[in-house]
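[1] Structure for this input, please:
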Amino acid sequence: MNNTERRVLEGIDHEGMMEFIETVVSTPSFGGDETAAQRVVASILESLGFSVDAWMMDFDELRRHPEFSMTIPREKGMGVAATWGEGERSLMICGHIDTVAPGDREAWDTPPLEATVVEGRLQGRGTVDMKAGLACGLYAVKAVMDAGVKPKGRVIFTSVIGEEDGGCGALATCLRGYRADAGIIMEPSETKIAPEVAGAMSFHVTVPGRSAHACVREEGVSAIDKFIALVESLRELEGLLQNKRVLLTHTPSLWPTRGWLTSGFGYRISPFTGLRQRHEGIDISNRIGTPIIAPADGVVTNIGREWGFGKILVISHGFGFITRFAHLDRIDVKIGQKVKRGEEVAKMGSTGRSTGPHLHYEVRVNGVPVNPLKYILN
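    The predicted structure follows:
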């Protein structure tokens, strides 16, 4: 950690952040009525020195958009977007202000519309999903401001409505013209970085029937029976899609490191013997110590040394996929450890028989070496 990073972390205004969380949690934002809470967010953004854009949404216009979805009736809704800094590059920090309803208040151990700390945990409707997350993102930017750090571009902070029922606020923000080179969303994820997430689709289904007298019931059509069949089909479809999602997370589709592709898959002239030989992976060159990540979810199955390859690491991803990493300088995982897609597992090196710092990377399917480039998507 450098001095600037330390200064930012030490300058986080924890007291001010808690006061903001208490205010925004006590301001109801469920059932389609989020405007009061949005005004609270807009006010704190303005007080911190952001350039604030707060506008009332045109739902008639939004409904004409093919991506519009909203299951809670709303007569009005406010969008809030604020900008700090200048430049062409941009980072968007986004969160939603709406929450689900508190439900039976007698079932709560603490008042749902009060931010209460119990045994080190913050309780109250929306503290996790995601008013506290919104506050953390905002006060992280404030800490950067207070430390006197100037961003190399624009920071765009957006607070949206309607996330719980279709995302009308995010759509309105996009249609307002807000775009960014990268984005951070402070949704709860067990404090793990999720580089990509699944979407959701909301829809209405009307199941028709045909009425009939009880004595000739078989002449009618039961909408309930048809609905049950429809729900079972939807659950079957969801299961199929879930299986595909699991397969995708276990497919080695990320570049394992940054650098230059210096040798491809297939036959090549050996740099050591000058003879034609089969190269069962790809080589990516960069500096010693360059981070290496897991290209998919998996389990570490082997760590050690092999002649010619130096320090090696092997990850089994299931579905017949295995990845091998060679010439490593350092290995940061252990045998049997589960790793997630994008998690750092090693550092690039030049161990073994090597012409310089690089990663030798292999993908094997059912034991057969295949070209890794056929699977890399990013």
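[2] Is Leu9 in contact with Ala143, as I believe?
    Yes. Counting by CB atoms under 8 Å, Ala143 is a contact partner of Leu9 at 7.3 Å. In short, each C-beta sits where N, CA and C put it, glycine included.
[3] for the helix ranked longest in the chain, packing partners?
    In the chain, assigned by DSSP state H, the helix with the most residues is helix 223-249. Helices and strands touching helix 223-249, by 3 or more CB pairs under 8 Å, 6 or more residues apart in numbering; DSSP states H and E: there are none.
[4] neighbour-wise, which of Leu9 and Ala143 wins?
    Using other CB atoms under 10 Å, the more surrounded residue of Leu9 and Ala143 is Ala143, with 19 against 12.
[5] Please, where are all the helices along the stretch 101-250 of the chain?
    Counting by DSSP state H, counting those that start in this stretch, the segments of the stretch 101-250 of the chain that form helices are 132-146, 168-175, 223-249.
[6] Now the first one: buried residues?
    Residues of helix 132-146 classed as buried by neighbour count (16 or more other CB atoms under 10 Å): 132-145.
[7] next one: the longest one
    Of the residues in helix 223-249, those with enough neighbours to count as buried (16+ other CB under 10 Å) are Thr249.
[8] Show me what the next helix or strand after it pairs with in its sheet, parallel or antiparallel.
    Sequence order places strand 260-263 as the next helix or strand after helix 223-249, per DSSP states H and E. Strand 260-263 sits in its sheet next to strand 282-285 (antiparallel), going by DSSP bridges.
[9] Please identify the buried residues of the longest strand seen in the chain?
    When the chain is parsed with DSSP state E, its longest strand is strand 321-331. For strand 321-331, burial by neighbour count (16+ other CB under 10 Å) applies to 321-329, 331.
[10] Spatially, which two of these are the most separated?
    Maximum pairwise distance in the buried residues of strand 321-331, criterion CB to CB, is 24.7 Å, between Phe321 and Asp329.
[11] Please identify the helix or strand for Arg305.
    Assigned by DSSP H and E, Arg305 falls in strand 298-306.
[12] Just want the angle from whatever helix or strand comes next after that strand to strand 298-306.
    Per DSSP H and E, strand 298-306 leads on to strand 310-318 as the next helix or strand towards the C-terminus. Between strand 310-318 and strand 298-306, the angle comes out at 160 degrees (axes from the mean of the first three to the mean of the last three CA atoms, to 10 degrees).
[13] same question for strand 310-318, mean pLDDT?
    Average pLDDT, strand 310-318: 97.
[14] Ok, stretch 349-357 next?
    95.
[15] Contacts for it, please.
    Contact with stretch 349-357 is made by 271-272, 285-290, 305-311, 326-330, 348, 358, as judged by CB atoms under 8 Å, 6 or more residues apart in numbering.
[16] same thing with stretch 296-314?
    Applying CB under 8 Å, 6+ apart, the contact partners of stretch 296-314 are 249-254, 315-318, 321-331, 333-341, 345-346, 349-354, 360.
[17] Now with 6 Å, please.
    249-252, 315-317, 324-328, 331, 333, 335, 337-341, 346, 351-353 (CB atoms under 6 Å, 6 or more residues apart in numbering).
[18] which of the residues you listed are buried?
    249-252, 315-317, 324-328, 331, 333, 339, 341, 346, 351-352.
[19] which one is Ala140 nearest to, not counting chain neighbours?
    Ile12 (7.4 Å; CB to CB, 6 or more residues apart in numbering).
[20] what's the spacing between the one you found and Ala143?
    Noted for Ile12: a distance of 5 Å to Ala143, by CB to CB, to the nearest Å.
[21] any weak-confidence spans in this protein?
    Low-confidence segments of the chain, defined by pLDDT under 70, are located at 196, 198.
[22] How is it divided into domains?
    Listed domain ranges for the chain are 3-185, 260-374 (source: automatic domain parsing).
[23] I'd like those domains as TSV, with distance to Pro208 appended.
    Shown next, in TSV, are those (distance: least, CB to CB, whole Å):
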stretch	distance to Pro208
domain 3-185	21
domain 260-374	42
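[24] Nearest to Ile193, out of these?
    Ile193 lies closest, by CB to CB, to one member of the domains of the chain: domain 260-374, at 7.4 Å.
[25] how much space is there between the residue lying closest to Thr99 once chain neighbours are set aside and Trp108?
    Nearest non-adjacent residue to Thr99, counting by CB to CB, 6+ apart: Gly126, 3.8 Å away. Distance of Gly126 to Trp108, computed by CB to CB: 13 Å.
[26] which one of those two has more residues nearby?
    Between Gly126 and Trp108, Gly126 has the larger neighbour count (other CB under 10 Å), namely 27 against 16.
[27] I'd assumed Ala101 was in contact with the more buried one.
    No. Look at Gly126 against Ala101 with CB atoms under 6 Å: they stay out of range, at 10.7 Å.
[28] count of residues packed around the nearest residue to Ile224 once chain neighbours are set aside?
    Counting by CB to CB, 6+ apart, Ile224 lies nearest to Gly209, which is 7.7 Å off, once chain neighbours are set aside. Close neighbours of Gly209, defined as other CB under 10 Å, add up to 13.
[29] so what's Gly209 up against?
    221-223.
[30] end-to-end on stretch 251-265?
    18 Å (CA to CA, to the nearest Å).
[31] Tell me the buried residues in it?
    Going by neighbour count (16+ other CB under 10 Å), the buried part of stretch 251-265 is 251-257, 259, 263, 265.
[32] and what of stretch 39-57?
    40-42, 44-45, 48, 50, 52-54, 57.
[33] Which members of these occur in helices, if any?
    Per DSSP H, the subset of the buried residues of stretch 39-57 in helices is 40-42, 44-45.
[34] just how off-centre is the longest helix of the chain within its chain?
    Here helix 223-249 is found 24 Å from its chain centre; the criterion is CA atoms, centre = their mean, to the nearest Å.
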